[in-house]
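Trainee: Structure for the following, please:
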Amino acid sequence: MMKEDYHMHSCYSFDGKMSLENIIQESIRKGIKEIAVTDHIELAASDIATGFQVNGAKAEFAKLREKYQDQIIIKRGIELGNVNIDLEQGIALAKEFDGDFILGSVHNLKENEDVGYSNYQQINIKDFYHTYLDAIYQVALNADYDVLAHLTYPMKAIYEQTGWKLDIAEYRKQFELIFEIVVRRGKGIEVNTSGLRVSLQEMLPNEEILRLYKACGGSIITVGSDAHEPQYIGEGIREAMDCLQRLGFTEITTFTNRIPMQHCLGEQS
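Mentor: Numbers count the residues shown, from 1 in each chain. A predicted model of the protein is given here:
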């Protein structure tokens, strides 16, 4: 049985294609013990809805938790994106959220420009990635989050367009600074398996960066498929768990009311 999938999006997200009940039923069918649905609240994206219907989602969650309480653990989360652009609003939104789990992510470096859709054949990728990590650093330092999501998010588009892969030596100091802050604040990072489903064929972040996180004292870690469609729920989770064990991680983390709880990673197999 797979222990957890802690990153997925329902139709309460602007880009989600699943109902909450669809997510729950598919997760049960795949033998997942615990899920966190992390619908988007995206700052700096005025061309789309900036947040899901919080009240509607909350009410539906309550009903479905009761309905499926004997079959699966359901956590209510959000993916709070782009606090690097509007810190004040991001902190206010996190304060208002009364769920279990907040993923902090960076999709945009400026309004309405998602770096997952940039044209990397026309920019200096090395310089861009320093800028992207600077934004992650600002979120790590200042935002209210539990876990930083997909630290290497742009790599899917970069590799698909150019074949360029990140050289950890070029960015080691920035990653170390981010991880030092994460550890000091008692926060964590995510292993996002969506990169395994595209030509990149890597987790986000990859094994080398996860090894660095561990060396910096990092231990709080979640695993998520980033599924927007039913077939991707749980995809790559077992591979990620196996990787973490190979790298020497001993625990995986879940959250209740934003309090981290660590579980023996060996129980995942």
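Trainee: alpha carbons only for contacts and neighbour counts from here, please
Mentor: Will do.
Trainee: Show me the helices in the stretch 51-200 of the chain, by range?
Mentor: Here the stretch 51-200 of the chain has its helices, by DSSP state H, counting those that start in this stretch, at 54-67, 87-96, 125-142, 155-162, 168-184.
Trainee: Not counting the third one itself, show me its contacts.
Mentor: So the one you mean is helix 125-142. 83-84, 87, 104-106, 109, 148, 151, 171, 174-175, 177-178, 181-182 (C-alpha atoms under 8 Å, 6 or more residues apart in numbering).
Trainee: ranking the residues you listed by neighbours, who comes first?
Mentor: Greatest neighbour count in those, by other C-alpha atoms under 10 Å, goes to Val83: 30 neighbours.
Trainee: Enumerate every residue touching Val106.
Mentor: Val106 sits next to 81-84, 135-136 when contact means C-alpha under 8 Å, 6+ apart.
Trainee: out of the helices of the stretch 51-200 of the chain, nearest to Asn119?
Mentor: Each of the helices of the stretch 51-200 of the chain has some distance to Asn119 by C-alpha to C-alpha; the shortest is helix 155-162, at 7.9 Å.
Trainee: Run the chain-centre distance for the closest one.
Mentor: Distance of helix 155-162 from the chain centroid (C-alpha atoms, centre = their mean, to the nearest Å) equals 19 Å.
Trainee: buried set for it?
Mentor: For helix 155-162, a neighbour-count test (16 or more other C-alpha atoms under 10 Å) marks 155-159 as buried.
Trainee: what's the closest of these to Pro205?
Mentor: Nearest to Pro205 among the buried residues of helix 155-162, with distances taken as C-alpha to C-alpha, is Met155, at 9.2 Å.
Trainee: List the contacts of the closest one.
Mentor: Met155 neighbours (C-alpha under 8 Å, 6+ apart): 165-166, 200.
Trainee: how much space between it and Gln201?
Mentor: With distances taken as C-alpha to C-alpha, to the nearest Å, Met155 is found 10 Å from Gln201.
Trainee: now Gln71
Mentor: Taking C-alpha to C-alpha, one finds Gln71 at 32 Å from Gln201.
Trainee: so how far is Phe128 from the residue of the chain most remote from its centre?
Mentor: The outermost residue of the chain, judged against the average C-alpha position, is Gln122 (27.7 Å), by C-alpha atoms, centre = their mean. Note on Gln122: its distance to Phe128, by C-alpha to C-alpha, is 11 Å.
Trainee: Same question for Phe14.
Mentor: To Phe128, Phe14 is 27 Å away according to C-alpha to C-alpha.
Trainee: for Leu20, same thing?
Mentor: Applying C-alpha to C-alpha, the value for Leu20 to Phe128 is 36 Å.
Trainee: So which of the helices of the stretch 51-200 of the chain is nearest Thr256?
Mentor: helix 54-67 (13.5 Å).
Trainee: List the buried residues of the closest one.
Mentor: Within helix 54-67, the residues that count as buried by 16+ other C-alpha under 10 Å are 57, 61, 65.
Trainee: Just to check, the second one is in contact with Gln69?
Mentor: Meaning Phe61. No: using C-alpha atoms under 8 Å, Phe61 is not in contact with Gln69; the gap is 11.2 Å.
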